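Have a look; sequence and predicted model below, questions after that.
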Amino acid sequence: RKEVEQDPGPFNVPEGATVAFNCTYSNSASQSFFWYRQDCRKEPKLLMSVYSSGNEDGRFTAQLNRASQYISLLIRDSKLSDSATYLCVVTMIKAAGNKLTFGGGTRVLVKP
Amino acid sequence: ETGVTQSPTHLIKTRGQQVTLRCSSQSGHNTVSWYQQALGQGPQFIFQYYREEENGRGNFPPRFSGLQFPNYSSELNVNALELDDSALYLCASHPLGGRETQYFGPGTRLLVL
């Protein structure tokens, strides 16, 4: 079983609509959670951190459910520029080697 | 822009050759991590360097090796290249530990023929 799993999509979303997708993680000791965005043939860029109480950044809302070991991302009022692959990332904070563990990514296509 | 730079941007090699990829970390970051991203997959952790020593390694064979220099820049070396080594190689710089996330360079795209 993969440590971090995502629905690969693609999620085809009409412009202006809302889309949401989840990511599950297997290591209950995971401490920090992030969503990264990756455009085609580019490097991943941090979209937002995910906090236990849930957090919002403009049109983006992230939630963490530790009991069920999943995080979610919701995008409201989708823009064409939101088309990208969204990577779920978990990590453990430790002195030695805090590696990021990535999911395979969820592809989102926003269409006019 | 993250301030993390990588070179070269693209590279073509043949099976059995050796390759060296380079990364300059963001100012103030003392740790560099390397990731391999195959087409259609998420990045996979290769290893991390802190104070010029390897500080954690993923599930990659010994022919993947690295260096970190006193200015915190880093190299990734891959010997005996295989076709499956074709991928985007990403370098990320960050402070060690802590909750600050890692910031990626633009990557080096390696094609092994």
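That came through fine. Just so it is clear, the structure is predicted and the values come from calculations on it, not from any experiment. Residues are numbered from 1 along each chain as shown, chains lettered A, B, ... in the order given.

where does chain B dip in pLDDT?
In the predicted model, chain B carries pLDDT under 70 at residues B:1-2, B:97-100.

Close to chain A: what parts of it are there?
B:33, B:35, B:40-45, B:48, B:55-58, B:88, B:90, B:92, B:96-99, B:101-107, B:109 (C-beta under 8 Å from any C-beta of the partner chain). Placement of C-beta: from N, CA and C, glycine included.

Can you tell me which of those are buried?
B:33, B:35, B:42-45, B:48, B:55-58, B:88, B:90, B:92, B:96, B:101-107, B:109 (16 or more other C-beta atoms under 10 Å in any protein chain shown).

Just give me the residue closest to the centre of chain B.
Centre of chain B computed as the mean C-alpha position; nearest residue by C-alpha atoms, centre = their mean is residue B:34, 3.1 Å away.

That residue: what's it in contact with?
By C-beta atoms under 8 Å, 6 or more residues apart in numbering or on different chains, residue B:34 lies in contact with B:23, B:45-48, B:66, B:74, B:76, B:89-92.

Can you report phi and psi for the nearest residue to it once chain neighbours are set aside?
Nearest residue to residue B:34, sequence neighbours excluded (C-beta to C-beta, 6 or more residues apart in numbering or on different chains): residue B:46, at 4.3 Å. Backbone geometry at residue B:46, expressed as degrees, to the nearest 10, gives phi -100, psi -60.

Isn't residue B:46 up against residue B:57?
Yes. Contact status for residue B:46 versus residue B:57: in contact at 7.4 Å, counting by C-beta atoms under 8 Å.

re earlier: mind telling me what element the residue nearest to the centre of chain B is part of?
Per DSSP states H and E: residue B:34 is located in strand B:31-37.

Which strands border that strand, and is each parallel or antiparallel?
strand B:44-50 (antiparallel), strand B:87-94 (antiparallel) (DSSP bridges).

wait, which of the ones you listed is closest to residue A:58?
strand B:87-94 (24.6 Å; C-beta to C-beta).

so after the closest one, what's the next helix or strand?
Next element after strand B:87-94 (DSSP H and E): strand B:103-104.

Just the C-alpha atoms of the helix or strand that that next one is followed by, please, in CSV.
Next helix or strand after strand B:103-104 toward the C-terminus (DSSP H and E): strand B:108-112. Extracted C-alpha coordinates of strand B:108-112, given in CSV (Å, rounded to 0.1, in the frame of the first residue of the first chain):
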residue,chain,number,x,y,z
THR,B,108,16.7,18.9,-14.2
ARG,B,109,15.0,16.7,-16.8
LEU,B,110,17.1,13.6,-17.5
LEU,B,111,16.5,11.4,-20.5
VAL,B,112,18.4,8.1,-20.6
